[in-house]
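# Predicted model follows, preceded by the sequence.
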Amino acid sequence: MSVLAVLDPAVALAHAVVAAVAHLVPTALAIVLFTVAVRLALHPLARAAARGEKARARLAPKVAALQRKHKDRPERLREALAEMYRKEQVSPFAGCLPLLVQVPFFSVMYRLFTTPNDLLDHTLFGVPLGLHVTGAHGAGQWAVFGVLFAGLAAVGFVNFRRARRTAAAAAATATAQPAPQPGAGLLPYLSFGSVLFAALVPVAAVLYLLTAGVWSAAERAWLYRDGTPVPSAALLA
């Protein structure tokens, strides 16, 4: 039995909702609408996280000063940072909440789209929603997969560029860091992770990934439109 079996009640609920919407619109569109509805419900968390990240960006100079002041006393540095965040009423983990909340939803959708069910018997422009890219044949099916993967790659490129800008901004305050974070240079390239993952899942899951990716990119562009750097962790959402 899969460890994801514990999600089956939630999967059944998600299936019922998508199936109900699919009575009104094509199933592929129902998946898109369901994904958008859930992400819209999570939007207040994203707004709260953005406020927290902007506050952390504002406090960056103070953090750098404390790191320089207590560079030889790590215990004192942790205490000073905790006190500063407490006074400013800012959480150092503000950007993590939306990502953590999305994990259960992603797991439910993954279970729904990788477990045989009647939704996967429907099609997207003639391609079964349960079909993997490895099973594609004919120009029509390859064209559909090509468009979906190109969309994921485009979203990944947008996130990649944002991550590079964030890394460049962090480099400008490199004195605030006692040492480079291992693997930090690879983080921007994780923006393309959804493209690789899409090769392992059926069309329905690829459609979910694309919808969620487009929503996240647009949401971040709106929430950080004042030029505040987008945190690297958020770029992976």
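Received it, and whenever you're ready, just let me know what you need. Numbering: from 1, shown residues only.
# ranges for the strands of this protein?
Along the chain, the stretches classed as strands by DSSP state E are 123-124, 127-128.
# The first one pairs with which strands?
Paired strands of strand 123-124, with direction, are strand 127-128 (antiparallel) (DSSP bridges).
# can you list the strands of the chain in CSV and add mean pLDDT?
Shown next, in CSV, are the strands of the chain (pLDDT from 0 to 100):
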stretch, mean pLDDT
strand 123-124, 94
strand 127-128, 94
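# Out of these, which is closest to Ala199?
Ala199 lies closest to strand 127-128 among those, at 15.1 Å (C-beta to C-beta). In this view, the C-beta of every residue, glycine as well, is placed from N, C-alpha and C.
# which residues are contacting that closest one?
Residues from elsewhere that reach strand 127-128, judged by C-beta atoms under 8 Å, 6 or more residues apart in numbering: Leu120, Asp121, His122, Ala136, Gly140, Gln141, Val144, Phe145, Pro202, Val203.
# so what's the fifth one scoring on pLDDT?
Translated: Gly140. You'll see Gly140 listed with a pLDDT of 93.
# Let's have the strands of the chain in JSON lines, adding mean neighbour count.
Putting those into JSON lines (neighbours: other C-beta atoms under 10 Å) gives the following:
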{"stretch": "strand 123-124", "mean neighbour count": "19"}
{"stretch": "strand 127-128", "mean neighbour count": "19"}
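# can you redo the ones you listed as CSV with distance to Pro74?
CSV is the format used below for the strands of the chain (distance: least, C-beta to C-beta, whole Å):
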stretch, distance to Pro74
strand 123-124, 54
strand 127-128, 55
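# how about the ones you listed, which one is nearest Ala28?
strand 123-124 (4.2 Å).
# neighbouring contacts of that closest one?
Pro26, Ala28, Leu129, Val144, Val203, Leu207.
# if you set the cut-off to 6 Å instead, what comes out?
Contacts with strand 123-124, where a contact means C-beta atoms under 6 Å, 6 or more residues apart in numbering, come from Ala28, Val203.
# How about the residue in the protein that sits furthest from its center?
Asp72 (36.5 Å; C-alpha atoms, centre = their mean).
# so who does it touch?
Residues near Asp72 by C-beta under 6 Å, 6+ apart: none.
# Mind pulling up the pLDDT for it?
pLDDT at Asp72 comes out at 82.
# Count the neighbours of Ser107 for me.
16 (other C-beta atoms under 10 Å).
# pLDDT wise, what is it at?
Note for Ser107: predicted pLDDT of 87.
# go on, Leu66?
86.
# Skipping its backbone neighbours, what lies nearest it in space?
Nearest non-adjacent residue to Leu66, counting by C-beta to C-beta, 6 or more residues apart in numbering: Ala80, 4.9 Å away.
# isn't the one you found right next to Arg68, touching?
No - assessed by C-beta atoms under 6 Å, Ala80 is found out of contact with Arg68, at 11.4 Å.
# Those two: which is more packed in?
Ala80 (18 against 12).
# what about that one, distance to Arg86?
11 Å (C-beta to C-beta, to the nearest Å).
# Val25 too?
Distance from Val25 to Arg86, by C-beta to C-beta: 49 Å.
# repeat for Pro116
Pro116 is 51 Å from Arg86, by C-beta to C-beta.
# Also Phe157?
For Phe157, the distance to Arg86 - C-beta to C-beta - is 39 Å.
# So if I had to pick from these two, which one is more boxed in?
Neighbour count, other C-beta under 10 Å: between Phe157 and Arg86, Phe157 has more, with 14 against 10.
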